[in-house]
Structures are given as structure tokens and as C-alpha cells.
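Trainee: Model the following, please.
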Amino acid sequence: MHDGTPEEVDAETQEWAEGAHRNVGHLADMLGITRDRFEADPLELLPGLQNYVSRLPLDQFEQSDWITLHSDLTSFLGDVLVRRRGAAWTRVDDPSSPAGYRYCIQASGLDGETHRVEPYDVVMEEFRNPPIEIARMIANAEAVLRVSPSHDE
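Mentor: Below is the predicted model of the structure:
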């Protein structure tokens with residue numbers, strides 16, 4: 001299985017990537033997607049996940065609910081980018097972060113350059129612009145990574 005971590009990645013980042021993948025596996029189970037279908041293509045979750053998110057009573061959410069949803073969508077987004085776009089999780093130093101670093105997704109874009117996106121931020125942007133659209137979230141991250149053709153090209 002390609003877990004999205006190059007061999008030289010530190011153990012902490014490896015653990016983060018594996019945890020994100022496991023979390024998406026739990027989402028698949030919750031949505032009734034078999035492990036085989038999920039492992040073959042993480043986008044198998046997209047219709048069920050969108051339906052689930054669209055039905056959530058977001059106006060009644062407490063902070064813990066938002067944190068859980070944010071974690072789930074961040075894991076899903078990262079998994080899609082890793083497994084469908086050949087990206088990898090990476091840890092980036094960030095003194096403004098409480099931990100001093102952030103976990104990002106890194107990929108080689110169609111332009112041959114390496115680009116990074118923080119799935120956490122992409123998901124947060126979706127929360128700011130409801131309704132939450134999973135496909136838009138993926139497209140926004142892919143645009144930042146430049147892994148799909150744009151209208152400008």
C-alpha cells in the first residue's frame with residue numbers, strides 16, 4: 001500500500017499518515033464501503049460522505065462535533081491526494097503553530113515543481129463557505145498542488 005510517506009520521512013510523520021489512513025478506513029466502515037473498495041479507490045467514499053455531511057445538523061454542532069468533522073474531512077482529503085495524486089504527507093516547521101510544525105501534503109505539480117497544501121486549511125475554508133462540498137474541497141487542494149490542468153493552461 002502506498003501510504004504517502006517517502007522512506008526518508010520521520011517516524012512521527014509516518015505515524016500521522018498511517019493514522020489519517022486508518023481514520024478514513026473507519027469512515028468507509030461507517031458509510032458501508034467495503035475495505036476492498038476503499039483500498040482500491042478512496043473516491044468510492046465521495047457520494048456517501050457528501051450525503052452524510054449534507055445531512056448533518058451543522059447549526060446544532062458543538063465544538064467537539066466540529067473538531068471530529070474537521071479531522072475526518074482532513075484525513076479523507078489527505079488520503080485522496082496521497083492515493084490518487086501521488087502526494088505525500090510531510091511535516092513543515094511553523095513557529096506560529098502551537099506544535100511548532102504542521103502536517104501538509106506535498107506533490108509534484110504538472111509544472112514539475114513541488115507544491116504543498118495543508119488539508120486542515122482547505123477543510124476550514126469549506127467550513128467558512130457552506131454548504132460543505134467535498135468535491136470542491138478536493139478540487140481546491142488539487143489546484144494548489146497543481147496536479148490537475150487548469151483553465152489557464
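Trainee: how about stretch 124-135: buried residues?
Mentor: 126, 132, 134 (16 or more other CB atoms under 10 Å). Backbone N, C-alpha and C define where each C-beta goes, glycine included.
Trainee: Could I get those in TSV, plus columns for pLDDT?
Mentor: Listed next are those as TSV, based on pLDDT from 0 to 100:
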residue	pLDDT
126	96
132	97
134	98
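Trainee: Check the burial of residue 123 by counting its neighbours.
Mentor: 24 (other CB atoms under 10 Å).
Trainee: before we move on, back to that, in helices, which of the buried residues of stretch 124-135 appear?
Mentor: 126, 134 (DSSP state H).
Trainee: Distance of residue 123 relative to residue 40?
Mentor: Residue 123 sits at a distance of 24 Å from residue 40 (criterion: CB to CB, to the nearest Å).
Trainee: how about the strands of this protein, start to end?
Mentor: Taking DSSP state E, the strands of the chain run over residues 88-93, 101-108, 114-117.
Trainee: can you give me the helices in the chain?
Mentor: Counting by DSSP H, the helices of the chain are 11-31, 35-40, 46-55, 63-85, 119-128, 134-145.
Trainee: dump the residue contacts of residue 52.
Mentor: By CB atoms under 8 Å, 6 or more residues apart in numbering, the residues touching residue 52 are 30-31.
Trainee: Where does pLDDT dip in this structure?
Mentor: 1-9, 151-153 (pLDDT under 70).
Trainee: mind running it again at 50?
Mentor: 1-7 (pLDDT under 50).
Trainee: Taking the centroid of this protein, which residue is nearest it?
Mentor: What sits nearest the mean C-alpha location of the chain, by CA atoms, centre = their mean, is residue 77, with 2.0 Å.
Trainee: Quick check: the gap between that residue and residue 12.
Mentor: When residue 77 is compared with residue 12 (using CB to CB), they lie 20 Å apart.
Trainee: just residue 148 next, same as before
Mentor: The separation that residue 148 has from residue 12, given CB to CB, amounts to 30 Å.
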